[in-house]
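In: here's a sequence, model it:
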Amino acid sequence: MRLLLLVPFVVGCANKGNGGASATGACQPQADNALRFDCDLPTQSDVVVTLDGPEGTLTRAGGPTLTLAGLRPGSTYAWSAAVDGAPIDSGSVTTGQLPDLFDDLSFTVTGTDGPATIALPTMCNGQAVVTVVDATGSVVWYQPFDTTATDPTGGLSGFSVTAAQTVLVHLDGSRIAEVAQSGATLFSVDGFESPLHHDLARGDDGRTYALFADLWDIDGQDVILDGVYVLDPDGDVVATWELVDHLGAVDVVDSGDKFWASTFPGAVDVSHANAIDPTPSGSAVMSLMLQDTVISVVLDPDDAAFGEVDWVLGPDGGPIVGDALTWVSGEFAGQHHAHVEADGDLWVFDNVGADGPAGERYAIDTDAGTAEQIASYPVDGSCDHQGSVFVDDAGVLVTCPTPGRVDLFDADGAVTWSLDVTCGGGAGSGSLTFARAQPITF
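Out: As a prediction, this is how the structure comes out:
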């Protein structure tokens with residue numbers, strides 16, 4: 001495994017230019033982005049920059065060299081910088097117009113009091129880009145990526161926002177990259193033996209956890225099973241976990257899912273992992289769509305129990321060896337985006353819910369061995385693949401890719417705000433690759 005630090009390897013080359021952005025003072029526009037300004041302020045101390053613009057007053061903080069980001073296009077902001085409350089500099093910036101990759105990519109809001117800012121991975125007309133929009137649907141940040149593969153793992157094939165509010169992606173099923181809000185590439189790795197797919201995440205331990213798939217022979221049938229790469233902060237693979245090591249008797253049935261058809265012709269996909277979420281305990285939650293199952297696995301390489309399955313939540317009699325939880329209420333199927341919040345509750349997007357697709361919350365009691373549904377946030381229409389659910393300060397964000405929609409639910413379960421994403425005027429999964437809308441802050 002080799003660590004790469006060349007920005008052009010990761011950052012998109014298309015749509016260069018800054019759309020006519022301009023500035024006065026110590027903050028100057030980036031040459032290849034319409035919404036970012038690099039500042040070199042006259043101090044050696046940390047600073048707070050206050051910006052007055054069309055959305056009101058914004059604040060940004062950092063060292064004397066920092067990037068102003070999270071600004072609306074075609075807008076002027078008067079800024080002032082201070083150290084410990086004492087002004088040291090001021091000026092103005094005017095953002096440029098968005099590049100042509102947004103000619104067909106649109107964001108339309110209904111309702112009020114939406115999330116402050118959310119990040120979405122999109123593929124529109126073949127261009128991979130992570131976009132951040134505000135509560136009005138205005139684009140306030142974007143980062144294009146160069147991708148080449150055309151099979152299902154191609155393009156922007158995995159995405160998450162880290163606790164440090166950076167963007168983590170894998171591209172073309174073969175590269176992992178982390179990009180700061182300044183646009184700088186912080187982390188870039190390739191050379192993986194097996195194809196990456198669907199999801200990756202950064203743990204509190206600084207490690208990166210990424211899903212991959214491998215081909216196995218079970219009773220003479222080629223079978224696709226999932227695994228996890230664990231990478232240290234330098235980009236080295238320090239541990240590998242394989243689902244095949246934790247299976248009992250497997251009933252190999254072709255689900256008809258064609259995701260891997262071009263990568264593994266003739267093979268049967270048995271698990272189809274689509275989410276991984278490392279927790280502070282050293283375990284990680286994984287969603288296995290074709291088993292209608294979520295599992296918790298010890299993935300801390302320093303733990304003697306590495307690789308052990310903590311618990312299994314799914315249908316009775318499944319093939320995964322581990323302590324099975326019992327449903328007290330609720331049940332999911334074809335699920336995506338399984339993750340654990342700080343309070344220990346499990347959240348999933350249930351694609352085939354009893355009452356239709358929904359974001360769902362479950363209380364997990366490992367001592368009692370139970371799972372109890374305590375909340376459900378149903379969406380209208382069909383969500384036959386992908387989807388996500390996030391807890392935000394403004395409410396619960398549920399993404400359904402089929403109509404290309406993000407809904408915000410309030411504490412009473414009512415939709416108060418929605419974002420519709422379209423590519424070329426048409427709704428659907430083509431406008432929302434990986435179908436995840438995740439809160440992000442500047």
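In: for the stretch 1-150 of the chain, just list every one of the helices.
Out: According to DSSP state H, counting those that start in this stretch, the stretch 1-150 of the chain carries its helices in the segments 7-10.
In: strands along that one, start to end?
Out: For the stretch 1-150 of the chain, the strands defined by DSSP state E, counting those that start in this stretch occupy 2-3, 22-24, 27-29, 37-40, 47-53, 56-62, 65-68, 76-83, 86-94, 105-111, 117-124, 127-134, 139-145.
In: what's the answer for the stretch 201-350 of the chain, then?
Out: Under the criterion DSSP E, counting those that start in this stretch, strands of the stretch 201-350 of the chain are mapped to 208-218, 221-231, 237-242, 268-269, 273-278, 283-288, 293-298, 309-313, 326-329, 336-340, 346-350.
In: residue contacts, W260?
Out: P152, A213, I224, A267, D269 (C-beta atoms under 8 Å, 6 or more residues apart in numbering). For the C-beta atoms, the positions are set from N, CA and C on the backbone; glycine is no exception.
In: if you rank the residues you listed by neighbours, which is first?
Out: Of all the contacts of W260, the highest neighbour tally under other C-beta atoms under 10 Å goes to A213, namely 25 neighbours.
In: for it, what are its contacts?
Out: Neighbour list for A213: S194, P195, H197, I224, L225, D226, G227, W260, T263, F264, A273 [criterion: C-beta under 8 Å, 6+ apart].
In: which one of these is nearest Q30?
Out: The shortest approach to Q30 among the contacts of A213 belongs to H197, at 31.9 Å (C-beta to C-beta).
In: hmm, G173 and that closest one touching each other?
Out: Yes: in terms of C-beta atoms under 8 Å, H197 counts as a neighbour of G173; the distance is 6.0 Å.
In: circling back: closest to A135 among the contacts of A213?
Out: Relative to A135, the closest of those is H197; by C-beta to C-beta it sits at 31.8 Å.
In: show me what contacts that closest one?
Out: By C-beta under 8 Å, 6+ apart, the residues touching H197 are P152, T153, S157, G158, G173, L211, F212, A213, F259, A273.
In: need these in CSV with pLDDT, can you?
Out: Putting the contacts of H197 into CSV (pLDDT from 0 to 100) gives the following:
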residue, pLDDT
P152, 62
T153, 65
S157, 86
G158, 90
G173, 91
L211, 98
F212, 97
A213, 97
F259, 89
A273, 97
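In: tabulate these in JSON lines, adding columns for distance to T416.
Out: Putting those into JSON lines (distance: C-beta to C-beta, whole Å) gives the following:
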{"residue": "P152", "distance to T416": "34"}
{"residue": "T153", "distance to T416": "36"}
{"residue": "S157", "distance to T416": "32"}
{"residue": "G158", "distance to T416": "30"}
{"residue": "G173", "distance to T416": "37"}
{"residue": "L211", "distance to T416": "33"}
{"residue": "F212", "distance to T416": "39"}
{"residue": "A213", "distance to T416": "39"}
{"residue": "F259", "distance to T416": "34"}
{"residue": "A273", "distance to T416": "33"}
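In: most neighbours among the residues you listed, which one is it?
Out: Ranked by neighbour count (other C-beta under 10 Å), the contacts of H197 have S157 at the top, with 29 neighbours.
In: surely that one is within a strand?
Out: Yes: counting by DSSP: H, G, I helix; E, B strand; the rest coil, one finds S157 located in a strand.
In: correct me, but it touches A177?
Out: No: taking contacts as C-beta under 8 Å, S157 lies outside contact range of A177: 11.7 Å.
In: close enough to count as contact, M123 and S157?
Out: No: at 9.7 Å, M123 does not count as touching S157 under the criterion of C-beta under 8 Å.
In: quick one, which of the strands of the stretch 1-150 of the chain is nearest to V389?
Out: Of those, the one closest to V389 (C-beta to C-beta) turns out to be strand 117-124, at 12.7 Å.
In: can I get the closest one as CSV, trimmed to CA atoms?
Out: Only the C-alpha atoms of strand 117-124 are listed here, as CSV (Å, rounded to 0.1, in the frame of the first residue of the first chain):
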residue,chain,number,x,y,z
THR,A,117,-25.6,23.0,5.9
ILE,A,118,-25.6,19.4,4.5
ALA,A,119,-23.1,17.6,2.2
LEU,A,120,-24.2,15.4,-0.7
PRO,A,121,-22.2,13.2,-3.1
THR,A,122,-23.6,13.6,-6.6
MET,A,123,-23.0,12.2,-10.0
CYS,A,124,-24.6,14.3,-12.7
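In: each with direction, which strands does that strand pair with?
Out: Applying DSSP bridges, strand 117-124 is found paired with strand 127-134 (antiparallel), strand 438-439 (antiparallel).
In: about what we covered before: okay, and the common contacts of S157 and A177?
Out: H170, L171.
In: ok so, going back, what's the closest of the strands of the stretch 201-350 of the chain to Q386?
Out: With respect to Q386, and counting by C-beta to C-beta, the nearest of these is strand 336-340 at 5.6 Å.
In: contacts for that closest one, please.
Out: Outside of strand 336-340, the residues within contact range by C-beta under 8 Å, 6+ apart are 274-275, 277, 279, 285-287, 289, 294, 346-349, 351, 364, 385-389, 435-436.
In: report the angle between that strand and strand 293-298.
Out: Taking axes from the mean of the first three to the mean of the last three C-alpha atoms, to 10 degrees, strand 336-340 and strand 293-298 form an angle of 40 degrees between their directions.
In: mind listing the strands strand 336-340 pairs with, and their directions?
Out: When DSSP bridges is applied, strand 336-340 pairs with strand 346-350 (antiparallel).
In: now the strand it pairs with against strand 273-278, angle please.
Out: Put simply, strand 346-350 runs at 160 degrees to strand 273-278, going by the same axes, to 10 degrees.
In: tell me how far strand 346-350 is from the chain's mean position?
Out: 15 Å (C-alpha atoms, centre = their mean, to the nearest Å).
In: quick one: buried residues of stretch 246-255?
Out: Residues of stretch 246-255 classed as buried under the neighbour-count rule (16 or more other C-beta atoms under 10 Å) are H246, L247, V250.
In: contacting residues for V321?
Out: Counted by C-beta under 8 Å, 6+ apart, V321 has contacts H246, L247, G248, V309.
In: and those, which is the shakiest by pLDDT?
Out: Lowest pLDDT among these: G248, with 89.
In: about what we covered before: need the max-distance pair from the contacts of W260.
Out: In the contacts of W260, two members sit farther apart than any others by C-beta to C-beta. They are P152 and A267, at 13.6 Å.
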